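Engineer: Just a sequence and a predicted model for now, questions to come.
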Amino acid sequence: MLTRRSMIYAAGVPGALALSRRRAGAQSYPSGPVTFIVSFPAGGSTDVVMRAVAPKLQERLGKPVVIENRAGAGGVIATGLVARAAPDGLTLLAAASSIAANPKLFKSLPFDTLKDLQAVSLVFRTPLALVANPNLPVTSVKELVALLKQKPGEINFAHGGPGSAIHLAAELLQTMTGTKMIGVAYRGAPLALTDVMAGRVAVMFADAGSVMGQIQAGKVRALGVSTARRVEALPNVPTVAEAIPGFEAVGWTMVLAPAATPKPIIDRLGTELAVAAKTPDVRSFIGKLGNIPVDSPPPPELQTFLAAEIERWGDLIERAGLAKTL
């Protein structure tokens with residue numbers, strides 16, 4: 001007959017064995033090459049930063065770390081691939097902040113962002129600069145808002161695709177000021193910026209790092225930056241919030257994994273990615289691109305942040321009348 005002590009011991013064995021297996025799985029991870037699926041084309045901030053992080057992570061994991069670009073549909077294609085991938089930590093998503101807009105922007109998605117994906121690590125944040133063609137008769141955000149109110153629906157703005165950070169920043173400006181502009185979509189921010197410089201479009205938000213050269217050359221006029229504080233790379237440019245209190249619209253890049261990935265693997269990935277992204281040369285590289293290095297919160301807090309971003313931008317998309325447009 002089993003004693004009470006032996007019964008308690010026997011009941012605890014399955015849990016102990018499961019915990020032991022999970023720890024062993026994390027210690028043996030990774031079993032092969034790790035692939036980051038980047039949701040945008042080569043050459044953008046997400047792509048070039050992840051290519052800088054990859055060799056550092058490879059050193060720490062002891063396995064090859066490769067980057068694969070799967071652009072299209074505002075990141076939906078790449079997100080779907082990772083959501084359906086095996087939950088072994090070998091296929092990861094490097095996503096831009098548009099992933100938070102897609103649940104409201106698209107009529108249907110082949111995945112549930114929060115249920116099918118687990119946030120692992122925040123890599124960097126991207127400040128935006130509001131720029132105008134030099135011939136537009138404004139030199140500040142306050143003057144731009146006044147012009148928009150004088151000419152409702154007559155001024156156009158460029159963006160690199162529905163749901164992108166630079167698109168939603170412009171929508172946020174309009175909803176917070178009660179103004180109306182005409183959005184002109186381009187296949188990528190570089191093409192949009194080209195038309196702003198040529199005067200075919202009046203204004204746009206752009207990644208601050210990508211437009212610094214054009215600002216310094218006088219090809220576009222910087223009106224404001226989208227962060228709560230001024231940006232180190234553009235110290236003389238005021239924040240949009242100085243004219244529109246409470247305004248903040250910052251892009252970011254985050255690494256995510258399939259939701260069923262075991263917690264020990266998620267935790268290890270989060271730790272190793274944070275260390276790789278914090279190496280001095282990677283942080284310096286991120287800063288030189290005009291982005292902001294960050295200390296990522298742990299995965300559970302980051303998942304909460306992602307949920308809050310989905311709610312925040314989803315609400316804006318609803319108010320702007322953009323919901324379910326694709």
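Structural biologist: All right, it came through fine.
Engineer: In the one helix or strand Lys142 maps to, which residues are buried?
Structural biologist: Using DSSP states H and E, Lys142 maps to helix 141-150. Judged by neighbour count using 16 or more other CB atoms under 10 Å, the buried positions of helix 141-150 are Val141, Leu144, Val145, Leu147, Leu148. All C-beta spots, glycine's among them, are computed from the backbone N, C-alpha and C.
Engineer: Surely the last one touches Thr177?
Structural biologist: To tie it back to what came earlier, the one meant is Leu148. Yes. Contact criterion CB atoms under 8 Å: Leu148 and Thr177 qualify, at 7.1 Å.
Engineer: continuing past the helix holding Lys142, what's the next helix or strand?
Structural biologist: Towards the C-terminus, the helix or strand next in line after helix 141-150, according to DSSP H and E, is strand 156-159.
Engineer: what separates that next one from the chain centre, distance-wise?
Structural biologist: Between the mean C-alpha location of strand 156-159 and the chain-wide mean there is a distance of 20 Å, by CA atoms, centre = their mean, to the nearest Å.
Engineer: any idea which helix or strand comes after it?
Structural biologist: Toward the C-terminal end, the helix or strand that comes next after strand 156-159 (DSSP H and E) is helix 165-177.
Engineer: State the mean pLDDT of the helix or strand where Leu316 lies.
Structural biologist: When secondary structure is defined using DSSP H and E, the element that contains Leu316 is helix 299-319. Rounded to a whole number, the mean pLDDT of helix 299-319 is 96.
Engineer: buried set for it?
Structural biologist: Within helix 299-319, the residues scored as buried using 16+ other CB under 10 Å are Pro299, Leu302, Gln303, Phe305, Leu306, Glu309, Ile310, Trp313, Gly314, Leu316, Ile317.
Engineer: With distance to Thr239 added, can I get these in JSON lines?
Structural biologist: As requested, the buried residues of helix 299-319 are exported to JSON lines (distance: CB to CB, whole Å):
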{"residue": "Pro299", "distance to Thr239": "31"}
{"residue": "Leu302", "distance to Thr239": "25"}
{"residue": "Gln303", "distance to Thr239": "29"}
{"residue": "Phe305", "distance to Thr239": "22"}
{"residue": "Leu306", "distance to Thr239": "25"}
{"residue": "Glu309", "distance to Thr239": "20"}
{"residue": "Ile310", "distance to Thr239": "25"}
{"residue": "Trp313", "distance to Thr239": "20"}
{"residue": "Gly314", "distance to Thr239": "24"}
{"residue": "Leu316", "distance to Thr239": "19"}
{"residue": "Ile317", "distance to Thr239": "23"}
